[in-house]
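Visitor: what would the 3D arrangement of this be:
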Amino acid sequence: MCSSGGARRLVMVYSKGVGRMKQLSVVGAAVMLVFGMAASSFAAGFAVIEQSVSGLGNAFAGAAASAEDPTTIFYNPAGMTRLKGQQATAGMHVIFPQSDFKDDGSSAVSPLLGGGALTGGDGGNGGEAVVVPNAYYSINFDNGWVAGLGINSPYGLVTDWGDGWQGRYHALRSDVLTVNINPSVAYKVNDHFSVGVGVSAQYVDAELSQAIDFGSIAYATSGFNSALSGLPQNRDGKVTLEADDWAYGFNLGALIEVDENTRFGIAYRSEISYTAEGDADYVVPNVISGDPLLDGGIKAAFSDVAAKADLDLPATASASVYHRFNDQWAVMADATWTQWSSFDELRVKFADGRADAVTTENWNDSWRYSAGLTYSPSEALDLRFGLAYDETPIPDNYRTPRIPGDNRFWVATGLGYTWTSFKLDVGYAHLFVDNARSNRQAGVDPLNGEDFFKGTLSGEYESSVDIASVQLTYLF
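Guide: Down below sits the predicted model:
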């Protein structure tokens, strides 16, 4: 809701005899507001840890130390020195997210613009099932050197709340895809120490959409004409952002093998910085207010525009341990840090020269902790179990419907079976997600870059995730 001071200032803007076309400056501010919010969700790319099916069964505990197959290229390239000959791995993860929103007093932007509750339904399940494939290849030259190549998707997001839901002005569909091409080399310094390094060429592609409350914009720019008081939330339009870019980074790792049963791994993956370029395409209702001058001005202000934004995907660091007690039992653990605090703002620059749109994010660094157990009843069969706790980086006041999750607790299981030159791995995990509060406040003043025309989305998200995976490795 608007504070009394903010409401008075808004009234003053439209009560000083300013002509209608000057009043359309508020529309220009709203254009920046809408695009800036869409782009902020673009930068909030969701980390995908599901890069190994053998690792999934242990909840990725010991991922930087286990080095069971070529998937170690992603988690710790130094682990390749444990792989014999040539090995090729292909895996597929099917991720089933469930996310339901329960409203808790969401409200329209201001009594001046209609007030009351945000209209619409709860959006149903905002999650959408996705398939995450990955592939790896390694070759050991038997002289201490090993080379490998990984192709995977380390960040991704698909949520779709559907037209007409309460939070439509904050998000409709979010579809973010990354493809990471990661050649790597490793060297075995001696029987106890190996090092590895890789480079990443990473592509990102995003489509993000949300509704726009043109009814409230028209009512405000008309000077609160009482004849238009029924427009707020009744003249919705839409904006869709499509943007892509290539960017580059690196990863490092070291493996310490105390003996044949115990090893430690550390790994680092660099921040990757993008300058994403694309277009914002607007759908504006044919008749907004019935006033040709006002309608024409709004359509002109919300014309399609090219834009670009600098954004960073975070650095990560991991430490892992693996220990085998005997031929049947092994344990492993891992701690991974992600530098989400580097994502403090997103600045969008427009091709037509309008002022930058700046969105504050204020994400926090986060940690993930995991522990796992493997039981091998025979030389050919491994049975895996794992638990993990995954912290969210998102403060409650900055959570959006595009990424509605919170802290997660993993329960995972899986098996691996080896015959001749093949190894088959399957895995399953269920993620218990804490209920996530959201209170995205409407801005007080439409002229200072705040979220004025979207209303305050207040409520709770109830979420969970299921993951089912399969992987085949060939040794030759």
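Visitor: going forward, measure contacts between C-alpha atoms and count neighbours the same way
Guide: OK.
Visitor: mind listing what the residue lying closest to residue 417 once chain neighbours are set aside touches?
Guide: Of all residues not flanking residue 417 in the chain, residue 381 sits nearest, at 4.7 Å (C-alpha to C-alpha, 6 or more residues apart in numbering). With contact taken as C-alpha atoms under 8 Å, 6 or more residues apart in numbering, residue 381 is in contact with 415-418.
Visitor: partner residues bridging residue 458?
Guide: Beta-bridge partners recorded for residue 458 (DSSP bridges): residue 439.
Visitor: residue contacts, it?
Guide: 103-107, 437-440.
Visitor: now do residue 364
Guide: Counting by C-alpha under 8 Å, 6+ apart, residue 364 has contacts 339-341, 393-395.
Visitor: what about residue 225, neighbour count?
Guide: Using other C-alpha atoms under 10 Å, residue 225 has 11 neighbouring residues.
Visitor: same question for the one 4 residues further on.
Guide: The burial metric for residue 229, expressed as a neighbour count using other C-alpha under 10 Å, is 16.
Visitor: before we move on, the earlier item: can you name the two of the contacts of residue 458 that are farthest apart?
Guide: The span of the contacts of residue 458, defined through C-alpha to C-alpha, is set by 107 and 437 at 15.6 Å.
Visitor: of the contacts of residue 381, which is the most crowded?
Guide: residue 415 (23 neighbours).
Visitor: quick check: which element contains that residue?
Guide: Using DSSP states H and E, residue 415 falls within strand 408-419.
Visitor: given that strand, what are its sheet partners and their directions?
Guide: With DSSP bridges as the test, strand 408-419 is paired with strand 381-390 (antiparallel), strand 422-433 (antiparallel).
Visitor: out of those, which comes closest to residue 92?
Guide: strand 422-433 (9.6 Å).
Visitor: show me which residues of that closest one are buried.
Guide: Buried residues in strand 422-433, counted by 16 or more other C-alpha atoms under 10 Å: 423-433.
Visitor: and if you look at stretch 249-259?
Guide: Result for stretch 249-259 [16+ other C-alpha under 10 Å]: buried residues 249-257.
Visitor: quick check on the contacts of residue 458: which are buried?
Guide: Using 16+ other C-alpha under 10 Å, the buried members of the contacts of residue 458 are 103, 106-107, 437-440.
Visitor: which of those residues lies closest to residue 274?
Guide: residue 440 (26.5 Å).
Visitor: what pLDDT does the model give that closest one?
Guide: The pLDDT attached to residue 440 in the predicted structure is 67.
Visitor: ok, back up a step: of the strands paired with strand 408-419, which is nearest residue 183?
Guide: Short answer: strand 422-433, nearest of the strands paired with strand 408-419 by C-alpha to C-alpha, at 22.9 Å.
Visitor: run through who's touching that closest one.
Guide: Strand 422-433 is touched from outside by 53-54, 56-57, 59, 405-418, 462-475, with contacts defined as C-alpha under 8 Å, 6+ apart.
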